[in-house]
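Visitor: the sequence and its predicted three-dimensional model are supplied below.
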Amino acid sequence: MEENSQQTPAVRKKALRTGLRTERAATGHRAPDEDARLAGRADELLALLPRATGQLRIAAFDPTPTEPDVRMLLCVLAARGHRILLPVHAGERIDWAAWDGSSPLAPPPARGFGGEPSGPREGTDALARADLVLAPALAVDRSGTRLGHGGGYYDRALVHGRTTAVVAVVHPWEVLAPDALPREAHDRPAHAVLTTEGVERLGS
Ligand SMILES: Nc1nc2c(c(=O)[nH]1)N(C=O)[C@@H](CNc1ccc(C(=O)N[C@@H](CCC(=O)O)C(=O)O)cc1)CN2
Ligand SMILES: Nc1ncnc2c1ncn2[C@@H]1O[C@H](COP(=O)(O)OP(=O)(O)OP(=O)(O)O)[C@@H](O)[C@H]1O
């Protein structure tokens, strides 16, 4: 019984998360130029979109200390006039609020969350209306399967979305070979991955 249940995708994901989190914790600190290197990828990122003109709605995240530091990238995108949305704790779901790229954020509401903008909530379905989604992940494989933190927030929100570019944001060593991660029926694939090394399109 144990042998079979250990092979279910959900159980494999849990074990993978533990290993990846341990590796992040062991890495200790951010590379000094990580934020600038990610910010330098803004054009490559926008080139993923078929029509990157006008104001884009970009769903992103305020990084926890072990996540890639996208804050400077978000400042650059906000300064170009795009609308940045950050997750806001809302019980079982996550809500979204706009961030102008410079206003102070309220402290993280819980473990695994970043700081939160204080403005009006845009609704738990706001992710589905984004043009570009920068999705936090512990790893992504080159088939496009993303391993998140286990909340299922992104998978649930992306089900009803119009076509958006979903870009996993990870450290360079967390981009894995095709089919390296278990994929379940509910998993929404990522179209591309952003690391300090650049933007790479992924198969699905
Ligand atoms: N910076 C940042 N903000 C974010 C996310 C993120 O990944 N990064 N999220 C992206 O979704 C949401 C928060 N997601 C979370 C998902 C799970 C847990 C959590 O409590 N996880 C359990 C372990 C679950 C498991 O291993 O199965 C834990 O930490 O004990 C916390 C937050 C919204 N904000
Ligand atoms: N569309 C959905 N409808 C209902 N439940 C879902 C859906 N998508 C994911 N879930 C549930 O969410 C939980 C976490 O899923 P999974 O392990 O794939 O999360 P994740 O990819 O790490 O999370 P996230 O998408 O937030 O990054 C699972 O229990 C899964 O069944």
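Guide: Cool, the structure landed. Ligands and ions are numbered 1, 2, ... in the order given.

Visitor: C-alpha from now on. contacts and neighbour counts both.
Guide: Will do.

Visitor: residue 83 - how many residues pack around it?
Guide: Number of residues near residue 83 (other CA atoms under 10 Å) recorded here: 20.

Visitor: which pLDDT value belongs to it?
Guide: Among the per-residue scores, residue 83 shows a pLDDT of 97.

Visitor: who does it bridge with?
Guide: residue 57 (DSSP bridges).

Visitor: that one contacts residue 58, correct?
Guide: Yes: at 6.0 Å, residue 83 and residue 58 qualify as touching, with contact defined as CA atoms under 8 Å.

Visitor: so where's this protein uncertain?
Guide: Within the chain, the stretches falling below the threshold (pLDDT under 70) are 1-6, 52, 161-163, 204.

Visitor: repeat that for 80
Guide: For the chain, residues meeting the criterion pLDDT under 80 lie at 1-6, 28-29, 51-53, 159-164, 204.

Visitor: what residues does the residue nearest the centre of it make contact with?
Guide: Among the residues of the chain, the one closest to the centroid is residue 135, at 1.6 Å (CA atoms, centre = their mean). Listed by CA atoms under 8 Å, 6 or more residues apart in numbering, the contact set of residue 135 reads 59-61, 154, 166-169.

Visitor: turn those into a markdown table, columns for distance to residue 50.
Guide: Formatted as a markdown table, those follow (distance: CA to CA, whole Å):
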| residue | distance to residue 50 |
| --- | --- |
| 59 | 17 |
| 60 | 19 |
| 61 | 23 |
| 154 | 22 |
| 166 | 13 |
| 167 | 14 |
| 168 | 18 |
| 169 | 20 |
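
Visitor: interface residues of this structure facing ligand 1?
Guide: Taking CA under 6 Å from any ligand atom, the part of the chain that reaches ligand 1 is made up of 14, 61-64, 87, 111-114, 136, 149-151, 153.

Visitor: can you select the buried ones among those residues for me in PyMOL?
Guide: Command for PyMOL that selects the buried part of the residues of the chain next to ligand 1, burial taken from 16 or more other CA atoms under 10 Å:
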select buried, resi 61+62+63+87+113+114+136+149+153
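
Visitor: residue 24: which of the residues of the chain next to ligand 1 is nearest?
Guide: Distance to residue 24 across the residues of the chain next to ligand 1 (CA to CA) is lowest for residue 64, with 11.2 Å.

Visitor: tell me the secondary structure for the closest one?
Guide: Here residue 64 takes the coil state, with states given by DSSP: H, G, I helix; E, B strand; the rest coil.

Visitor: find the nearest non-adjacent residue to it, please.
Guide: Counting by CA to CA, 6 or more residues apart in numbering, residue 64 lies nearest to residue 114, which is 5.5 Å off, once chain neighbours are set aside.

Visitor: so what's the one you found up against?
Guide: Going by CA under 8 Å, 6+ apart, residue 114 touches 61-64, 87, 107-108.

Visitor: appreciated, that's everything.
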